[in-house]
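# here is a sequence with its predicted model. Questions after.
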Amino acid sequence: MNAALNDPRAFLRRLYDSAVQRALPALNTATHLPVPPDTEGPRRGRTVVIGAGKAGGAMAAAVDALWPAAAPLSGLVVTRYDHVPPAYRAALEKREGRIEVVEARHPVPDEAGRQAAQRIATMVQGLTEHDLVLCLVSGGGSALLSLPAPGLTLEDKQAINRALLKSGAAIDEMNCVRKHLSAIKGGRLAALCAPARVVTLLISDVPGDAPEVIASGPTVPDASTCADALAICRRYGITLPPAALAGLESGAFETPKPGDARFKGHEVHMLATPQQALEAAAEAARAAGVDAHILSDEMEGESRVVGQVQAALARAVARRGAPFSQPCVILSGGETTVTVQGTGAATGKGGRATEFLLGCAIALQGQPGVHVLAADTDGIDGLEDNAGAIVTPDTLARAAALGLKPQEFLDRHDAYSFFAALGDLVVPGPTYTNVNDFRALLVG
């Protein structure tokens with residue numbers, strides 16, 4: 001028997017860790033840094049670092065470590081609470097770090113995020129063509145960099161964000177709405193930086209790796225329109241406050257478009273992507289003697305339904321040896337959704353990964369030889385303390401022994417409590433990066 005099959009839990013966790021490792025900013029930043037501006041003479045310029053996202057603290061730490069000591073460097077990056085790497089937090093406390101990092105709330109914005117966004121918007125105004133703005137962007141930036149459009153309040157943005165999160169809208173749809181109701185996203189931050197040169201470093205957490213979707217594209221042009229945002233709100237029944245409705249209907253909240261002169265000379269570099277993370281996991285599996293197959297890094301849809309579909313695939317492999325031979329591991333990424341309906345349904349605990357897993361476990365029906373891990377690569381699934389969980393062939397049997405009814409937990413979106421009762425949560429803590437969902441089904 002292959003050694004990996006002797007301890008499936010440990011094997012799957014190694015694959016997850018390999019995926020996360022590939023996406024760490026410290027390993028991926030050096031080759032994408034621009035040359036610093038001149039430090040003296042008529043072309044003397046400053047370097048200002050700004051940004052937002054769950055990987056923001058780690059990205060700031062990487063840039064600070066790699067940037068020449070003699071080259072001036074300052075700035076402000078906002079990340080999620082408890083997402084500053086301990087070493088850089090210590091450096092900042094000792095006043096040895098050159099880039100300030102502020103922590104704020106995710107996925108629903110808070111006042112700390114609003115204040116940080118306002119400070120960033122103020123910081124980049126009045127720059128010259130000799131200055132460089134280095135923008136560090138990763139998933140989560142939409143909530144963390146929250147500066148409401150004129151006439152809107154933070155409370156308005158919070159209510160709209162909560163409604164979007166429960167609606168089942170895809171990430172590109174949610175971010176289309178968010179950027180049009182923002183004073184800083186959808187390319188507006190880059191416009192504020194003009195005429196300075198802007199270099200954006202991205203860690204992708206979205207299907208397709210579209211820069212304009214990642215964190216709602218604060219420094220890249222936006223081809224979507226107010227009409228698009230309004231149609232999305234109507235499609236999902238999102239109630240808009242009067243100022244938001246008026247701004248979208250009139251076009252007053254339109255974003256800067258491709259071809260806008262303010263983006264001339266700007267650069268965008270992708271540091272890490274979901275596909276790269278999946279490839280790293282596949283390499284780790286093959287090194288252990290297990291065939292690996294990557295389905296896609298762009299999977300979307302209702303989490304529980306995606307779980308059911310992947311369970312059917314695993315059962316086919318286990319029972320018929322098709323379409324893949326066993327032992328093998330089936331990998332996928334992307335961003336699934338959880339549609340919360342009714343007030344009672346909102347009381348459960350869990351996120352995309354655990355809801356995927358519960359749907360998968362129910363569909364697997366205890367299929368022998370199938371183990372599944374799903375986890376968010378940022379280390380946090382939704383609002384809880386876990387990244388995800390693990391399903392084993394005896395998951396349903398162990399649940400029955402405890403009197404747990406899986407479908408009831410799924411109906412109330414309470415997958416976290418289900419897997420917590422079984423002791424099957426995956427809790428790595430913040431990983432300081434974010435390339436979205438990671439799913440691995442081991443069949444053998």
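Structure received.
# and the host helix or strand of residue 318, how far from the chain's centre?
Using DSSP states H and E, the element containing residue 318 is helix 303-320. When distances are taken as Cα atoms, centre = their mean, to the nearest Å, helix 303-320 is centred 25 Å away from the chain's centroid.
# swap in stretch 117-131?
Distance, centroid of stretch 117-131 to centroid of chain: 26 Å (Cα atoms, centre = their mean).
# where in this structure is pLDDT low?
Low-confidence segments of the chain (pLDDT under 70): 1, 342-347.
# picking up where we left off before, packing partners of the helix or strand following the helix holding residue 318?
Scanning forward in sequence from helix 303-320 by DSSP H and E, the next helix or strand is strand 328-334. Here strand 328-334 touches helix 8-22, helix 274-287, strand 291-299, helix 303-320, strand 437-443, going by 3 or more Cβ pairs under 8 Å, 6 or more residues apart in numbering; DSSP states H and E. Every residue, glycine included, has its C-beta placed from N, CA and C.
# deepest of those, which one?
Highest mean neighbour count among these (mean count of other Cβ atoms under 10 Å): strand 437-443, with a mean of 26.
# that one - contacts with which helices or strands?
Using 3+ Cβ pairs under 8 Å, 6+ apart, the elements in contact with strand 437-443 are helix 8-22, helix 274-287, helix 303-320, strand 328-334, helix 352-364, strand 370-376.
# could you dump the last one to PDB, C-alpha only?
The C-alpha atoms that make up strand 370-376 are tabulated as PDB, following Å, rounded to 0.1, in the frame of the first residue of the first chain:
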ATOM      1  CA  VAL A 370     -12.500   8.400   0.100                       C
ATOM      2  CA  HIS A 371     -11.100  11.100   2.300                       C
ATOM      3  CA  VAL A 372     -11.700  14.800   1.600                       C
ATOM      4  CA  LEU A 373     -10.200  18.000   2.900                       C
ATOM      5  CA  ALA A 374     -11.500  21.500   2.000                       C
ATOM      6  CA  ALA A 375     -10.100  24.600   3.500                       C
ATOM      7  CA  ASP A 376      -9.700  28.300   2.800                       C
END
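# distance from it to the middle of the chain?
Its chain's C-alpha centre and that of strand 370-376 lie 18 Å apart, by Cα atoms, centre = their mean.
# run through who's touching whatever helix or strand comes next after that strand.
The first helix or strand that comes after strand 370-376 along the chain, using DSSP H and E, is strand 388-391. By Cβ atoms under 8 Å, 6 or more residues apart in numbering, the surrounding residues in contact with strand 388-391 are 9, 12, 353-354, 357, 360-361, 364, 370-376, 381, 415, 419, 424-426, 438.
# derive a PyMOL selection command for the buried subset of these.
Here is the PyMOL command that selects the buried residues among the contacts of strand 388-391 (16 or more other Cβ atoms under 10 Å):
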select buried, resi 12+353+354+357+360+361+364+370+371+372+373+374+375+376+381+415+419+424+425+426+438
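# stretch 422-437: end-to-end distance?
Stretch 422-437 has an end-to-end distance of 22 Å (criterion: Cα to Cα, to the nearest Å).
# quick check: buried residues in it?
Buried residues in stretch 422-437, defined by neighbour count with 16+ other Cβ under 10 Å: 422, 424-426, 428, 430-437.
# and what of stretch 90-109?
In stretch 90-109, counting by 16+ other Cβ under 10 Å, buried: 91-92, 97-109.
# from residue 286, how far out is residue 18?
11 Å (Cβ to Cβ, to the nearest Å).
# please apply the same query to residue 100.
Noted for residue 100: a distance of 42 Å to residue 286, by Cβ to Cβ.
# follow-up on the earlier one: which other helices and strands contact the helix holding residue 318?
Against helix 303-320 (3+ Cβ pairs under 8 Å, 6+ apart) you get strand 328-334, helix 352-364, strand 370-376, strand 437-443.
# and the residue nearest the centre of this structure?
The residue lying closest to the centre of the chain (Cα atoms, centre = their mean) is residue 139, at 3.6 Å.
# chain neighbours aside, what residue packs nearest to that residue?
Nearest non-adjacent residue to residue 139, counting by Cβ to Cβ, 6 or more residues apart in numbering: residue 205, 2.8 Å away.
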